[in-house]
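A.B. asks: Okay, predicted coordinates and the sequence, questions at the end:
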Amino acid sequence: MSIILNNISKQFGDFTALANINLDIPEGELVALLGPSGCGKTTLLRIIAGLEHADRGEVFLKGSEVTDQPIKNRQIGFVFQHYALFRHMTVFDNIAFGLRVKPKKERLHETEIKKKVHALLNLVQLDWLANRFPEQLSGGQRQRIALARALAVEPSVLLLDEPFGALDASVRKDLRLWLRHLHHELNVTSIFVTHDQEEAMEVASQIVVLNKGHVEQQGSPSDIYDHPANAFVSQFIGHTNVFELGQQDTFWLKNSGLPTPETGKVAHVRPHDIGLDKATGEGAQAILKDWQHLGALIRVELLSKDADGGMTTLFAEMPNEQFKALQIDKGDKVAVRIRHAHWFH
Amino acid sequence: MPQSHIMPGFRPAISFTLVYLSLIVLIPLSAMLLKTFQLSWDEFWAILTNQRVIASFRVTFVSALSAAAVAGIFGFIIAWTLVRYPFPGKRLFDALIDLPFALPTAVAGIVLATIYQPNGVIGKLVLAVFGVQIAYKPLGIVFAMIFIGLPFVVRTIEPVLQEFDTAMEEAAASLGANRLQTFIKVILPNILPAALTGFALAFARAVGEYGSVIFIAGNMPYISEIVPLLIITKLEQYDYAGATAIGLVMLILSFILLLLINLLQGWLRRRNGQL
C-alpha cells in the first residue's frame, strides 16, 4: 500500500470536516477524491500532504508513518488549484526550484539540473516556454508547468488539488486525457481532488466518493457506476431517476417489468436503463414531453402520472438510431420498460 | 481633425493637471532657480564648497539613508506582524503606526529629545549599558528620521503582503525548501519593489525633515547640523540667494537619488517578469 489513512478526523470549530476516514491506496493508482463542495476532499488531500494536520488519526506514506512530519520531509509533489507558480521566476527557475533548494550534499550540479529541467519541460511538451514568466502563460500551460515543477523532486506521491478547476472546458478535456497518459508513463501514485464526476470517471483508475466528511464508497469507476453502495453515490455519479414507492404509482413500475424489491423501497434507475415503446390507451404510462440531442444519445423527457394525480418527470436515454426507429415525437404516448434498477432505503 | 479620445474629459483633466503642477510645483521651483541665478558662478561655488555646507550635506544624506534603511527593515517586520499574525490589540497597534503622520513634527522632536537625552528615561539606560549618547548627537538625527519615516514603509509593504499568495510558500515547502529558503527565494523578491518604494518615501521625507530633527540633533556645525537648518540660518541672515542655492542643490541631489531608486525598482520588476 502506498498511502494508508487511519481514522483521520478533522474539526474546524463546530464543523466536522472529516470523520474517521480510513483509506488504503495501492501503489501506482490514479485516485480521484470525488464529492460535492464542502465534503472535506481538499482538507483530506492537504492532510495527506502535511499542509494541514489531522486532529486524530495517522497518515502512512510508503509504509512509514508521517503524521507529524512537515510537508518538506514527506517526499510528495503537490499541484495547487491555482498553480501557485513563483511569479518572479521564469518557467525554468520554477521547475528548478525543488532541485536548487536541496542541501549541498544532495544537490545536483547546475548542468545536470539544466538537463533535468529540460527533460521535464519536454515531458509536459512546453520546452519552448523555458524563459517565460508565469504571467505570460495560458491556464493550461501553467497547469502543466506546475505539474513539471512538482515532478522535479521525484515525489513518491503526487497530489493535485482540483487540477482542472480553473480551466476552459476544451482545455480541460485535453488535459484530462493527457494526465491519464502521463500517469501511465510515470506510474507514480497520484491523488486528485474533483467535484466533477465525469472528470473522475474519465481520468481515475480508482474513485473515492466523499460526502460530509465520510467515505461513501471506494472502487473502480465501473464499480461505482454499476454498483453504487448507496443512494448518495447513485445520485452523485451520473444521472438517475428516483422512484419512491408508496408515494408514486407502483402500478406501472411493476407493469414495466421491474421486480418488486425485497429490501429497500427507493428505486434508482439510470436513464439508459429505461426503454420506450410507442403505445396507445391502456399500455401507455407516460407522455413524451421533450427530447434533446446529446450527440450519440438522445435524451427523452417523459411525464408520468402519480397515484395522487400529480405528474413526475423522468429521463430516458437511447442511441440516435433507436430513437429514430421508434418514430415518436413530442406529445406522443409511450410505454415504459425498466430494464434495471438499484434499490436503496 | 483632432482624434477624439475613448476616455471622455481628457482636455479638462490634462489642463487641471498642468495648472496644478505649475501653481504648486513648477512656478515656486523656478522662482527658486531664478533667485539662485542672482548669484555669479563664483559666489554660487563659494557657498557650496563652504566646509560647513558640505558637512551639513553629508550629515543630512548619510542620516537620511541610514534612517530609511533601518525604517525599511523595521517597517517590513512590523508590516509582516500586522498582516500575518492575529494578536489582541492589533487594531489599536495598526492605528498607532500612522501617528507620526499626524503629530506636529516639533512635538515629536521634543518628545524624542526628552526621552533619549542623557538623563532621559531611555537615554539614561542606553548610556549606562552601551555607553552611547543618542540625543544631541548625529545618532539623534537618525532616530528622529526613523520615527517619521517608518509609517511610509509599513503602509507601502502592508497591502503587498496582504495580496501575497500564501500558496507560493506552501509550494516552496512542498518542494523541500526550509523557512529561510522560502523567505529569501520566494517572499522577499515579491516584496522588494514595495519595500524599495517605502524606502524611497522614507528617505525623501527624512531629507526634507526639519521640525523633529532640530530638537534632538544638537545642531553643532560640522557635526550635527542638517541642511534645512542651514537654509533657515541663511534666511534669518537675509541671505536669500545663498539659501536658494543650497536648496537647489539639495533638490537636485534628492532627485538623482530618487531617480536611481526608481531605476533599481524598474530593473527588479523587469527581472522578475512584472512588465
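C.D. replies: Received it, and whenever you're ready, just let me know what you need.

A.B. asks: Could I get the full set of helices for the stretch 151-275 of chain B?
C.D. replies: Applying DSSP state H, counting those that start in this stretch to the stretch 151-275 of chain B gives helices spanning B:166-174, B:179-182, B:188-208, B:211-217, B:227-236, B:240-271.

A.B. asks: Let me see the ranges of the helices in the stretch 201-345 of chain A.
C.D. replies: Using DSSP H, counting those that start in this stretch, helices in the stretch 201-345 of chain A cover A:221-226, A:231-236, A:251-255, A:320-326.

A.B. asks: just to revisit the earlier point, CSV for the helices of the stretch 151-275 of chain B, including mean neighbour count?
C.D. replies: All C-beta spots, glycine's among them, are computed from the backbone N, C-alpha and C. CSV is the format used below for these (neighbours: other Cβ atoms under 10 Å in any protein chain shown):
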stretch, mean neighbour count
helix B:166-174, 21
helix B:179-182, 15
helix B:188-208, 21
helix B:211-217, 25
helix B:227-236, 18
helix B:240-271, 16
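
A.B. asks: Which one of those lies nearest to residue A:304?
C.D. replies: helix B:166-174 (50.2 Å; Cβ to Cβ).

A.B. asks: circling back to that earlier point, would you mind giving the helices of the stretch 201-345 of chain A as TSV with mean pLDDT, mean neighbour count and distance to residue B:132 added?
C.D. replies: Shown next, in TSV, are the helices of the stretch 201-345 of chain A (pLDDT from 0 to 100; neighbours: other Cβ atoms under 10 Å in any protein chain shown; distance: least, Cβ to Cβ, whole Å):
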stretch	mean pLDDT	mean neighbour count	distance to residue B:132
helix A:221-226	92	17	74
helix A:231-236	90	20	71
helix A:251-255	60	16	93
helix A:320-326	87	13	90
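
A.B. asks: can you put those helices in TSV and add distance to chain B?
C.D. replies: TSV is the format used below for the helices of the stretch 201-345 of chain A (distance: least, Cβ to the nearest Cβ, whole Å):
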stretch	distance to chain B
helix A:221-226	28
helix A:231-236	28
helix A:251-255	51
helix A:320-326	46
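
A.B. asks: got the ones you listed as CSV, with distance to residue A:10 columns?
C.D. replies: Below are those laid out as CSV (distance: least, Cβ to Cβ, whole Å):
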stretch, distance to residue A:10
helix A:221-226, 24
helix A:231-236, 20
helix A:251-255, 43
helix A:320-326, 48
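
A.B. asks: and of those helices, who's closest to residue B:107?
C.D. replies: So among the helices of the stretch 201-345 of chain A, helix A:231-236 is nearest, using Cβ to Cβ, at 67.3 Å.

A.B. asks: What parts of the stretch 51-200 of chain B come near chain A?
C.D. replies: B:165, B:167-168, B:170-178, B:181, B:185-186, B:189-190 (Cβ under 8 Å from any Cβ of the partner chain).

A.B. asks: looking at it, residue A:302 is touching residue A:315, isn't it?
C.D. replies: Yes: in this structure residue A:302 lies within contact range of residue A:315 using Cβ atoms under 8 Å: 7.3 Å.

A.B. asks: Counting neighbours, go ahead and name the busier of the two.
C.D. replies: residue A:302 (22 against 18; other Cβ atoms under 10 Å in any protein chain shown).

A.B. asks: any idea how far chain B is from that one?
C.D. replies: Distance from residue A:302 to chain B, counting by Cβ to the nearest Cβ, to the nearest Å: 47 Å.

A.B. asks: Next: residue A:205.
C.D. replies: 24 Å.

A.B. asks: Pull the contacting residues for that residue.
C.D. replies: Contact analysis of residue A:205 by Cβ atoms under 8 Å, 6 or more residues apart in numbering or on different chains lists A:29-31, A:220-221.

A.B. asks: Get me the contact residues on chain A for chain B.
C.D. replies: A:49, A:51, A:70-72, A:76-78, A:80, A:82, A:84-90, A:97-98, A:101-102, A:132-136, A:149-150, A:152-153.

A.B. asks: Turn the buried ones among those residues into a named ChimeraX selection, would you?
C.D. replies: The buried residues among the residues of chain A next to chain B can be selected in ChimeraX (16 or more other Cβ atoms under 10 Å in any protein chain shown) with this line:
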select /A:49,51,71,72,76,77,78,80,84,85,86,87,88,89,90,97,98,101,102,132,133,134,149,150,152,153
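
A.B. asks: Select from the residues of chain A next to chain B every entry located in helices.
C.D. replies: Judged by DSSP state H, the subset of the residues of chain A next to chain B located in helices is A:49, A:97-98, A:149-150, A:152.

A.B. asks: Let me have those residues in JSON lines, extended by distance to residue A:278 and pLDDT.
C.D. replies: Compiled in JSON lines, those are given as follows (distance: Cβ to Cβ, whole Å; pLDDT from 0 to 100):
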{"residue": "A:49", "distance to residue A:278": "57", "pLDDT": "92"}
{"residue": "A:97", "distance to residue A:278": "66", "pLDDT": "95"}
{"residue": "A:98", "distance to residue A:278": "64", "pLDDT": "93"}
{"residue": "A:149", "distance to residue A:278": "59", "pLDDT": "94"}
{"residue": "A:150", "distance to residue A:278": "56", "pLDDT": "93"}
{"residue": "A:152", "distance to residue A:278": "62", "pLDDT": "92"}
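
A.B. asks: ok, of those residues, which one's closest to residue B:113?
C.D. replies: Closest to residue B:113, out of all of these and judged by Cβ to Cβ, is residue A:97, at 49.9 Å.

A.B. asks: I'd like to know how far that closest one sits from residue B:236.
C.D. replies: From residue A:97 across to residue B:236, the span is 61 Å (Cβ to Cβ, to the nearest Å).

A.B. asks: likewise residue B:158?
C.D. replies: 41 Å.

A.B. asks: And the residue of the stretch 51-200 of chain A closest to chain B?
C.D. replies: residue A:133 (2.9 Å; Cβ to the nearest Cβ).

A.B. asks: Just to check, that residue is in contact with residue A:93?
C.D. replies: No: using Cβ under 8 Å, residue A:133 is not in contact with residue A:93, being 9.5 Å away.

A.B. asks: hang on, residue A:220 packs against residue A:208?
C.D. replies: No: counting by Cβ under 8 Å, residue A:220 stays clear of residue A:208, with 11.2 Å between them.

A.B. asks: Which one's more surrounded, these two?
C.D. replies: residue A:208 (24 against 13).

A.B. asks: give me every residue that touches the more buried one.
C.D. replies: Each residue near residue A:208 by Cβ under 8 Å, 6+ apart is listed here: A:23, A:31-34, A:215, A:217-218.

A.B. asks: Of the residues you listed, which belong to strands?
C.D. replies: If you go by DSSP state E, those have A:23, A:31-34, A:215, A:217-218 in strands.

A.B. asks: Give the other helices and strands that the top helix by length along chain B contacts.
C.D. replies: Ranked by residue count under DSSP H, the longest helix found in chain B is helix B:51-84. Helix B:51-84 sits against helix B:90-97, helix B:138-163, helix B:188-208, helix B:227-236, helix B:240-271, with contacts defined as 3 or more Cβ pairs under 8 Å, 6 or more residues apart in numbering or on different chains; DSSP states H and E.

A.B. asks: where does the last one sit relative to the chain's centre, distance-wise?
C.D. replies: Here the centre of mass of C-alpha atoms in helix B:240-271, compared against the chain's by Cα atoms, centre = their mean, to the nearest Å, lies 12 Å away.

A.B. asks: give me the low-pLDDT residue ranges for the chain?
C.D. replies: I'll assume chain A. Flagging of chain A using pLDDT under 70 yields the residue ranges A:1, A:245-264, A:282-283, A:306-309.

A.B. asks: nope, chain B please
C.D. replies: B:1-5, B:273-275.

A.B. asks: can you pull the contacts of the nearest residue in space to residue B:99 that is not next to it in sequence?
C.D. replies: Of all residues not flanking residue B:99 in the chain, residue B:151 sits nearest, at 7.9 Å (Cβ to Cβ, 6 or more residues apart in numbering or on different chains). Counting by Cβ under 8 Å, 6+ apart, residue B:151 makes contact with B:97-101.
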